[in-house]
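Visitor: Okay, predicted coordinates and the sequence, questions at the end:
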Number of protein chains: 2
Amino acid sequence: METIDFRNMTITIVGLGMEGGSYAIAAKNYLKPKKLFAIDINEDVLIAAEKLKVIDQGFVNPVVPLQASDLVILCVYPSDVIRFVRDNMTYFKSGAVLTDAAGVKRKIVDDLSNIIREDIDFVPGHPMAGNEFKGFLYADKKIFEGNSYLITPTSKNKQQSLSLIESMALKFGCSKIYITDPDTHDTKIAYASQLMHLIASSIVNCDSYTDDMKNFVGGSFRSATRVANINPDLWTDAFFENKDKLLEQIDYFMSNITLVKSALIHHDKKVLHTFFEKSYHKSNSHDDL
Amino acid sequence: METIDFRNMTITIVGLGMEGGSYAIAAKNYLKPKKLFAIDINEDVLIAAEKLKVIDQGFVNPVVPLQASDLVILCVYPSDVIRFVRDNMTYFKSGAVLTDAAGVKRKIVDDLSNIIREDIDFVPGHPMAGNEFKGFLYADKKIFEGNSYLITPTSKNKQQSLSLIESMALKFGCSKIYITDPDTHDTKIAYASQLMHLIASSIVNCDSYTDDMKNFVGGSFRSATRVANINPDLWTDAFFENKDKLLEQIDYFMSNITLVKSALIHHDKKVLHTFFEKSYHKSNSHDDL
């Protein structure tokens, strides 16, 4: 793959939270663009990022940075990606590449493909990267390292736009680029990510989660509940953007719990043993996960 | 607490799997008993442990080591603890202290308190220690380090027997001794450990767990499924030994999943947001877990 030089580009990050802040720090360090701008509704965060030399300049009003930017990276909640692009459609520089980092893809791709200007190219992206914290303070250029970067290209995407995003992800330290379609993406993410966050929250929200738990917990509990420290705004938005797929995965998962519950009630040791053998063999045959 | 000298004692470990092997290695290193014996049905494991100098001598027949031992540590599956003690009751040395490492306590305590000889003392124990592997090959003296050691004393336990087990646990590197009763223990463990293992297995047993998952998983998935690599024999036994408590915890957990499912179906963003806020605040107020 061709190596792309970002040093003559102006890049704008939209939304300077944990994810957007991480893009900004990684861009500053690994891409070294001519100018790195950020747009956020919170002026204090923009000033802080300027003072920390993470960005060259911050803007509450998006017009000026969008008119100047060759690459715009949208790091806002899924429904806000659509709203931001729609509301600011006239300001993007002709020839600009837009990309996002949203964890659900069908609605964004469907909605934007109908309204996007012909002279700008939107490449839907999703880094398998992040942490369980919220806000710019938790931004970290290392979140990308060793993780996949998912892209769900549209039929309109130019090869050079895809190469730009791929090159950025690899410079950030991502281990691989994985190309898929929005429907597959949203199905897999409903299972591999959204269901995991639902489970962690559902464990912590049990009344059994009490002050004396620390005497009874081992690694299994700590692992299972790590992401219960959830960002309510982000995940509420993401769950509803993908609710059909998530509801399917919830039902699959619940049917397994119900199977075990039934085995316990009917004292069927064989069913439970077979269930555990299955998970033992499946998890052992996927050591690469 | 008085420090107990183990150097004049003979200790026998019953069951030389991952847990029993870990007790053996830790005893050899930290207690330095006069003699360290092991009993197992698998002679190959005993020979291997002798060759590795983990134990002084291994026995398939329990009579000789039990007759010589001041401390017997039962590291077999919960239902086998009861069976082993019952079947070998006549062989224990008068004055011996017995303890176990089983993850469920009510049945063991109830059954053994009715049949145990007056001149031996059974101290029910449960180290919050282990790993997700099975067998002596995965024994590791470090599993105890920094973890709690739970004890559910009976009314018959002598203080010096309790001190013996507590001293052992602290020499192994456990961070604290936590004294509780069997009912509380089994309730907490049903939630903090058994439910976690059920959840991990139920995630992995979904049809969605496929070969291409590695492109879509992040930390949340890896954390949540780590213990799906389960020992089917041990966990089937432990689940049925504690099934009433576990069924309660399954229902609490399922009611949370059902609440979210209903919120999604009825497009009630407020319910979901409140649910996530609750888990965010609960997990943040328990950073010590």
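Guide: Thanks, I have the structure now.

Visitor: now the strands: where do they sit in chain A?
Guide: Here chain A has its strands, by DSSP state E, at A:10-14, A:35-39, A:57-59, A:71-74, A:97-100, A:121-123, A:125-127, A:148-151, A:176-179.

Visitor: Chain B is nearest to which of those strands?
Guide: strand A:176-179 (4.2 Å; CB to the nearest CB). Heads up, the C-betas are built off the backbone N, CA and C, glycines and all.

Visitor: buried set for the closest one?
Guide: Using 16 or more other CB atoms under 10 Å in any protein chain shown as the test for burial, strand A:176-179 gives A:Ile177, A:Tyr178.

Visitor: With distance to chain B and mean pLDDT added, can I get the strands of chain A in TSV?
Guide: What follows is those, written out as TSV (distance: least, CB to the nearest CB, whole Å; pLDDT from 0 to 100):
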stretch	distance to chain B	mean pLDDT
strand A:10-14	21	98
strand A:35-39	24	98
strand A:57-59	27	98
strand A:71-74	19	98
strand A:97-100	17	98
strand A:121-123	17	98
strand A:125-127	9	96
strand A:148-151	5	96
strand A:176-179	4	96
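
Visitor: what does the stretch 51-200 of chain A have sitting close to chain B?
Guide: Within the stretch 51-200 of chain A, the positions adjacent to chain B are A:128-131, A:147-148, A:150, A:176, A:178, A:180, A:185, A:187-189, A:191-193, A:195-200 by CB under 8 Å from any CB of the partner chain.

Visitor: hmm, 7 Å instead?
Guide: A:128, A:130, A:147-148, A:178, A:188-189, A:191-193, A:196-199 (CB under 7 Å from any CB of the partner chain).

Visitor: Minimum pLDDT in the residues you listed, which residue is that?
Guide: Lowest pLDDT among these: A:Gly130, with 75.

Visitor: And for it, the neighbour number?
Guide: Using other CB atoms under 10 Å in any protein chain shown, A:Gly130 has 23 other residues around it.

Visitor: Only whichever of the residues of the stretch 51-200 of chain A next to chain B are buried, select them in ChimeraX.
Guide: Applying 16+ other CB under 10 Å to these, the buried members can be selected in ChimeraX as follows:
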select /A:128,130,147,148,178,188,189,191,192,193,196,197,198,199
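
Visitor: Turn the residues of the stretch 51-200 of chain A next to chain B into TSV, including distance to A:Lys261.
Guide: TSV is the format used below for these (distance: CB to CB, whole Å):
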residue	distance to A:Lys261
A:Met128	33
A:Gly130	33
A:Asn147	35
A:Ser148	35
A:Tyr178	36
A:Lys188	27
A:Ile189	27
A:Tyr191	21
A:Ala192	24
A:Ser193	25
A:Met196	21
A:His197	23
A:Leu198	18
A:Ile199	16
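
Visitor: right, and out of the residues of the stretch 51-200 of chain A next to chain B, which lies closest to A:Gly15?
Guide: A:Gly130 (13.4 Å; CB to CB).

Visitor: what bridges to the nearest residue to A:Lys158 once chain neighbours are set aside?
Guide: Spatial nearest neighbour of A:Lys158, excluding adjacent residues (CB to CB, 6 or more residues apart in numbering or on different chains): A:Asp121 at 5.5 Å. Judged by DSSP bridges, the bridge partners of A:Asp121 are A:Val97.

Visitor: who's in contact with A:Asp121?
Guide: A:Val97, A:Asn157, A:Lys158, A:Ser161 (CB atoms under 7 Å, 6 or more residues apart in numbering or on different chains).

Visitor: Report the buried members of the residues you listed.
Guide: Of those, these count as buried by 16+ other CB under 10 Å: A:Val97, A:Asn157, A:Ser161.

Visitor: mind putting the residues you listed in JSON lines, distance to A:Asp233 included?
Guide: Output for the buried ones among the contacts of A:Asp121, formatted as JSON lines (distance: CB to CB, whole Å):
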{"residue": "A:Val97", "distance to A:Asp233": "27"}
{"residue": "A:Asn157", "distance to A:Asp233": "30"}
{"residue": "A:Ser161", "distance to A:Asp233": "30"}
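
Visitor: Return the closest of those with respect to A:Gly15.
Guide: A:Val97 (17.2 Å).

Visitor: In contact with the closest one: list those residues for me.
Guide: A:Asp70, A:Leu71, A:Asp121, A:Val123, A:Ser161, A:Leu164.

Visitor: In helices, which of the residues of the stretch 51-200 of chain A next to chain B fall?
Guide: The helices, defined by DSSP state H, take in A:Lys188, A:Ile189, A:Met196, A:His197, A:Leu198, A:Ile199 from these.

Visitor: roughly how far apart are the third one and A:Ala224?
Guide: Using CB to CB, to the nearest Å, one gets 9 Å for the distance from A:Met196 to A:Ala224.

Visitor: between the two, what contacts are shared?
Guide: With CB under 7 Å, 6+ apart, A:Met196 and A:Ala224 have common neighbours B:Ala224.

Visitor: so where's chain A uncertain?
Guide: For chain A, applying pLDDT under 70 flags the ranges A:1-2, A:132, A:287-289.

Visitor: From the centroid of chain A, which residue is nearest?
Guide: Residue closest to the average C-alpha location in chain A (CA atoms, centre = their mean): A:Gly103, at 4.1 Å.

Visitor: Now distance to A:Met213 too, for the strands of chain A, in a markdown table please.
Guide: Shown next, in a markdown table, are the strands of chain A (distance: least, CB to CB, whole Å):
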| stretch | distance to A:Met213 |
| --- | --- |
| strand A:10-14 | 39 |
| strand A:35-39 | 40 |
| strand A:57-59 | 42 |
| strand A:71-74 | 39 |
| strand A:97-100 | 38 |
| strand A:121-123 | 45 |
| strand A:125-127 | 33 |
| strand A:148-151 | 34 |
| strand A:176-179 | 38 |
